[in-house]
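In: quick one: sequence and predicted model below, then my questions.
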Amino acid sequence: MRPLSHETEKAMIALTLAVALGLPANCTGCDLARRDLRGADLSNVSYVGVDLAGSDLRGANLRNANLTGVDLARADLRNADLRGANLTGVDLNGAQMHGARFDGVNITGADLRGALNGLDRDDLRGIMRRCIGCDARNADLEGSDLRGVSIVGSDLRDARARGVDFSNADVEGVN
């Protein structure tokens, strides 16, 4: 019998942990809204179009999770680890994200309205590092250091952006 690959082993651990929490490891369109998932290990899950609106995900491990089209509106993601996650088409409207880790995240077409306000400069820079086609209308970006970010095609209408440093940033097609 061949040993399991590292990726297969990680996926099996994620499945075991998700099942222990009473959650599926893979789900399309599931309703998991308003759940208490503080500190949950949901790394490597595939949740496509899942409703997690209003859920408490403080300190949750969502590393390398596929969260395509997930509704995280008003979710509490403070100190969550989203490194390497796919956040394509995610609704983060009004989500709390202080201290969340976004290194290597794919954020494309996400709704960030209300989620960026009040973030410290490191948190803001982390989520905006590569945010393609994101909706960040009315965001408070004043005085932020957004050097080198890529926010191609994003909507920043009515954002407060006085004193923002966009040096070497890719802002092509930004409204």
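Out: Great, that's in hand.
In: check contacts around the residue nearest the centre of the chain.
Out: With distances taken as CA atoms, centre = their mean, Leu87 lies nearest the centre of the chain, 5.4 Å away. Taking CB atoms under 8 Å, 6 or more residues apart in numbering as the criterion, Leu87 is in contact with Leu67, Thr68, Val70, Val105, Asn106, Ile107, Thr108, Ala110. Bear in mind the C-beta positions are built from the backbone N, C-alpha and C, glycine included.
In: what about the fifth one, how many residues close to it?
Out: It stands for Asn106. The local packing of Asn106 (other CB atoms under 10 Å) involves 16 other residues.
In: nearest spatial neighbour of the residue nearest to the centre of the chain, skipping sequence neighbours?
Out: Nearest in space to Leu87, with sequence neighbours left out and distances taken as CB to CB, 6 or more residues apart in numbering, is Ile107 at 4.7 Å.
In: does the one you found belong to a helix, a strand or coil?
Out: Under the three-state scheme (DSSP: H, G, I helix; E, B strand; the rest coil), the conformation of Ile107 reads as strand.
In: circling back to that earlier point, out of the contacts of Leu87, who's the most crowded?
Out: When neighbours are counted as other CB under 10 Å, the busiest of the contacts of Leu87 turns out to be Val70, with 29 neighbours.
In: that one and Gly89, how far apart?
Out: In this structure, Val70 and Gly89 are 8 Å apart, going by CB to CB, to the nearest Å.
In: and Leu124, which of the three is it?
Out: On the three-state scheme (three-state DSSP), Leu124 is labelled helix.
In: that one touches Ser144, doesn't it?
Out: Yes - the criterion here is CB atoms under 8 Å, and Leu124 meets it with Ser144 at 5.5 Å.
In: list residues touching both of these two?
Out: Counting by CB under 8 Å, 6+ apart, Leu124 and Ser144 have no common neighbour.
In: residues contacting Asp36?
Out: Contact analysis of Asp36 by CB under 8 Å, 6+ apart lists Ser55, Asp56.
In: give me the low-pLDDT residue ranges for the protein?
Out: 6-21 (pLDDT under 70).
In: quick one: the residue nearest to Leu87 and Ile127 touch, right?
Out: Yes - Ile107 is in contact with Ile127 according to CB under 8 Å; the separation is 6.7 Å.
In: count the residues that sit near Gly163.
Out: Close neighbours of Gly163, defined as other CB under 10 Å, add up to 10.
In: quick one: what helix or strand has it in it?
Out: Element membership of Gly163 [criterion: DSSP states H and E] is none; it lies in no helix or strand.
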